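Student: have a look; sequence and predicted model below, questions after that.
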Amino acid sequence: MLVSFVYPLTFVVLWASAFATGSVATQDATPFAALAFRFAIVAFGFFVVAWTLSEFSKVERRDFKHSIVTGILFHGLYLGGCWYSFSVGIPAGVSALIVCTQPILTAIFAGILLEERVSNKNWIGLSLGFVGAALVLGADFGTEFAIDGLIANVIALAAITAATIWQRKFSQTLPLATNNALQAASAAIFHGTIMWLVEEPAIEFTVMFGFAMGWQIIAVSFGAFTILMYLINHNSASQTSALFFLVPPVAALIGWVLLSEGLTMIDIIGFVVASVGVYLATQKHEGRLGEH
């Protein structure tokens with residue numbers, strides 16, 4: 001019951017909150033400096049948990065490289081792309097809409113690389129999910145956005161798609177805390193390196209930065225990402241990815257409840273459409289491609 005309802009719901013809510021708090025954090029810090037700071041703390045925390053649970057003795061060295069690759073894709077290129085886009089003025093909603101096409105790409109490549117079968121019902125669900133998310137966001141792509149920010153979002157989209165496939169194919173056997181520790185450590189090194197190459201690193205430790213970063217570390221990195229790894233390991237890649245279509249609608253609901261942001265009838269219709277889409281897209285089917 002937890003896996004089928006509570007875990008996915010908790011993941012969506014926490015992940016949706018990451019766009020708003022990430023945008024807040026980049027107001028008082030350069031993006032890669034903020035991410036290097038965040039993942040240094042996250043890596044330390046997960047290493048302590050893994051050490052306490054004696055997980056390192058259960059991991060073979062050849063598994064480390066897969067975790068490092070996943071970490072660079074998920075935490076490095078995906079988050080780096082999103083946070084960079086925030087820093088150059090791309091609205092969080094536009095970033096979310098670009099990245100939320102990820103479930104469709106994942107479904108395509110999961111069929112090719114993982115031999116996961118995606119049924120017609122799942123494809124209909126994926127399509128409805130995208131339409132619902134787009135309705136909620138109502139993003140005005142006629143507005144001029146920084147081209148480097150949009151490119152960063154496309155890189156983020158490619159990275160999270162590849163990371164989901166890589167995690168499903170190669171890293172399922174790694175204990176969760178160890179896997180997350182290695183991924184966070186690789187991300188901290190990645191962002192620390194990029195930080196010195198592309199920006200003049202700066203962090204202003206304001207109250208808002210502290211709140212946003214604290215939420216990112218505790219709720220998103222320790223909470224949402226751990227749940228995501230669990231869901232990928234126990235469900236198909238395409239079914240897990242479909243949950244991302246609920247992120248923009250839930251982000252809009254969070255803005256309405258906590259920040260008094262507007263919520264229109266179109267938003268509500270989009271939320272319903274996306275929810276139906278995710279329901280259809282996450283319906284399980286038997287077998288892989290070629291099996292009957």
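Tutor: Yes, it's here.
Student: wait, what's in contact with the spatially closest residue to H75 that is not a sequence neighbour?
Tutor: Distance criterion Cβ to Cβ, 6 or more residues apart in numbering; nearest residue to H75, sequence neighbours excluded, is A187 at 3.3 Å. No exception for glycine: its C-beta is placed from N, CA and C like everyone else's. When the contact criterion is Cβ atoms under 8 Å, 6 or more residues apart in numbering, the partners of A187 are L35, F39, V42, A43, G71, I72, F74, H75, G76, L79.
Student: of those residues, which is the nearest to P8?
Tutor: Using Cβ to Cβ, F74 is the member of those that lies nearest P8, at 18.0 Å.
Student: OK, contacts around the closest one?
Tutor: F74 touches A159, I160, A163, Q167, Q183, A187, F225, counting by Cβ under 8 Å, 6+ apart.
Student: you'd agree it is in a helix?
Tutor: Yes. Secondary structure of F74, determined by DSSP: H, G, I helix; E, B strand; the rest coil: located in a helix.
Student: ok, it to L14 distance?
Tutor: 15 Å (Cβ to Cβ, to the nearest Å).
Student: show me where the stretch 1-150 of the chain has helices.
Tutor: 7-25, 31-52, 61-71, 79-87, 92-99, 102-113, 120-137, 147-170 (DSSP state H, counting those that start in this stretch).
Student: which one of the ones you listed lies closest to I194?
Tutor: Shortest distance between I194 and the helices of the stretch 1-150 of the chain, using Cβ to Cβ, is found for helix 31-52: 4.8 Å.
Student: let me know the helix or strand that the residue nearest to H75 is in.
Tutor: Per DSSP states H and E, A187 falls inside helix 176-198.
Student: do you know the pLDDT at A159?
Tutor: On pLDDT, A159 comes in at 91.
Student: contacting residues around it?
Tutor: Contacts for A159 were tallied using Cβ under 8 Å, 6+ apart; they are L73, F74, G76, L77, Y78, G81.
Student: what angle do the helix holding A187 and helix 147-170 make?
Tutor: 150 degrees (axes from the mean of the first three to the mean of the last three Cα atoms, to 10 degrees).
Student: list the contacts of whichever helix or strand comes after helix 176-198.
Tutor: Counting by DSSP H and E, the next helix or strand C-terminal to helix 176-198 is helix 207-215. By Cβ under 8 Å, 6+ apart, the surrounding residues in contact with helix 207-215 are S17, T21, G22, V24, A25, Q27, D28, A29, A34, F37, R38, I203.
Student: quick check: beta-bridge partners of the last one?
Tutor: Beta-bridge pairing of I203, defined through DSSP bridges, involves A29.
Student: if I look at H75, how far off is A20?
Tutor: 19 Å.
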